[in-house]
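S.K.: please work out how this folds:
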Amino acid sequence: MEIQEALKIIKALADGVNPETGEVLPVELIYQNPQNVRALHRAAGALEFLEERERIKRLLPKNAGKPWTQQEEAQVCDELRSGTDFQQIARLHNRTVASIVARLIRLGKVSSKVPPTKVA
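M.R.: Just a heads-up that it's a prediction; the model follows:
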C-alpha cells in the first residue's frame, strides 16, 4: 500500500468518515473515541512526514547520502584541479553541489571561509 493511499484512509477515519463510502460513521463506533481520533491524527501527521521525505529523496541525485570512496574523493580533487566547476563535478558524481563542497572542505582542498564560486 502506498503512503498516499494509507494517508487517505487514516484521514477519513480520523474525520469520522467511512473511507470506502464517504458516509459519516456512527458516533458509537470505536473510531469516534476521542483518544482514537487523536491517535489517527498523529498517524496521519507521521504519514505526511514520510510522504514529504520520500518526495524530497526522489529529487536528490542518486548518490546523495551514500558514503564516499577514496577513489571518488581523488577524482573530485582531480576535477577541481583541472578547473571543472562545482555544478559539473556534482553532475558527474550524481551528488549535490553542497556535498561536493563539503567533501572538498573536509579534504582541505577549499576553505570553508571562501564562497565556492570563488574557488578555482
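
S.K.: residue with max distance from the center of the protein?
M.R.: Glu28 (39.8 Å; Cα atoms, centre = their mean).

S.K.: how about the secondary structure of that one?
M.R.: Following DSSP: H, G, I helix; E, B strand; the rest coil, Glu28 is assigned to coil.

S.K.: residue contacts, Glu51?
M.R.: Shown in contact with Glu51 (Cβ atoms under 8 Å, 6 or more residues apart in numbering): Ile3, Gln4, Leu7. No exception for glycine: its C-beta is placed from N, CA and C like everyone else's.

S.K.: got the residue ranges for the helices in the protein?
M.R.: 3-14, 34-59, 70-81, 86-93, 97-106 (DSSP state H).

S.K.: reformat those helices as a markdown table; add distance to Glu20.
M.R.: Shown next, in a markdown table, are these (distance: least, Cβ to Cβ, whole Å):
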| stretch | distance to Glu20 |
| --- | --- |
| helix 3-14 | 9 |
| helix 34-59 | 16 |
| helix 70-81 | 50 |
| helix 86-93 | 46 |
| helix 97-106 | 45 |
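
S.K.: got those helices as a markdown table, with mean pLDDT columns?
M.R.: Shown next, in a markdown table, are the helices of the chain (pLDDT from 0 to 100):
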| stretch | mean pLDDT |
| --- | --- |
| helix 3-14 | 94 |
| helix 34-59 | 94 |
| helix 70-81 | 97 |
| helix 86-93 | 96 |
| helix 97-106 | 95 |
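
S.K.: Gly22: which of these is closest?
M.R.: With Cβ to Cβ as the criterion, Gly22 lies closest to helix 3-14 of these, at 8.0 Å.

S.K.: per the record, what domains does this structure have?
M.R.: For the chain, the structural domains run 3-59, 70-118, going by automatic domain parsing.
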